[in-house]
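Colleague: my questions are about this predicted structure, shown below with the sequence.
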Amino acid sequence: MDKVLVKFPLTIKAKMTDKLKAKMLDELEKGMQQAELEISQINIEENKAIQQESANGQEPAQETMAMIHQHFGVERQKRQEYVAKAQARHDELEKLGPGAEIVQGTTERFVELKVGDNIRDQFNVEVVVEDDKIIAIRS
């Protein structure tokens, strides 16, 4: 056997343009708004659960109240962490100027390797796009 098909990672980078920046900022802002709405809904649901526990006229058990607060607290914390990370990403994007390159993701590519090929040439290959058009392939 003198050749083999091998899977290698491929990095996709995007050149920052005003169009891309606006799109990314808009997506982050929508995500943060959605998370804030979910936090409000969680608060409403938590209050409903507490009211249901108190509806029978007796003081709810301390353990029950703790479980309710813990359950809704965990869900609220997830959304709050998302909002904090999204805000940090938003702030980073605001600072980027036109032409800056950002990693958009990774995928895989198949390469046929032959005896004598330099395998190092196949690592760290990246495709650079600008407004969804490929402008460079680098290795």
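Modeller: Now that the structure is in, tell me what you want to look at.

Colleague: buried sites along the longest helix along the chain?
Modeller: Secondary structure of the chain per DSSP state H: the longest helix is helix 18-54. Neighbour counts over helix 18-54 (16 or more other C-beta atoms under 10 Å) mark 20-21, 24, 28, 31-32, 35, 38-39, 42, 46, 49-50, 53 as buried. Heads up, the C-betas are built off the backbone N, CA and C, glycines and all.

Colleague: show me what it is packed up against.
Modeller: helix 62-95 (3 or more C-beta pairs under 8 Å, 6 or more residues apart in numbering; DSSP states H and E).

Colleague: in the helix it packs on, what counts as buried?
Modeller: Here helix 62-95 shows 68, 72, 75-76, 79, 82-83, 86, 89-90, 93 as buried, counting by 16+ other C-beta under 10 Å.

Colleague: for those, which one is nearest residue 107?
Modeller: Of all the buried residues of helix 62-95, the one sitting nearest residue 107 is residue 89; the distance, using C-beta to C-beta, is 21.4 Å.

Colleague: the spatially most central residue of the chain: what's it in contact with?
Modeller: Averaging the C-alpha coordinates of the chain gives a centre point, and the residue nearest to it by C-alpha atoms, centre = their mean is residue 86 (8.4 Å). The contact partners of residue 86, taken as C-beta atoms under 8 Å, 6 or more residues apart in numbering, are 28, 31-32, 35.

Colleague: then residue 90?
Modeller: Contact analysis of residue 90 by C-beta under 8 Å, 6+ apart lists 25, 28-29, 32.

Colleague: among these, which one sits closest to residue 135?
Modeller: residue 25 (22.2 Å).

Colleague: so what are the domain limits for the protein?
Modeller: 1-17+99-139, 29-97 (automatic domain parsing).

Colleague: in a markdown table: these, plus mean pLDDT.
Modeller: Putting the domains of the chain into a markdown table (pLDDT from 0 to 100) gives the following:
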| stretch | mean pLDDT |
| --- | --- |
| domain 1-17+99-139 | 90 |
| domain 29-97 | 89 |
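
Colleague: re the thing from before, can you add distance to residue 117 and give the contacts of residue 90 back as JSON lines?
Modeller: Converted to JSON lines, the contacts of residue 90 look like this (distance: C-beta to C-beta, whole Å):
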{"residue": "25", "distance to residue 117": "43"}
{"residue": "28", "distance to residue 117": "42"}
{"residue": "29", "distance to residue 117": "47"}
{"residue": "32", "distance to residue 117": "47"}
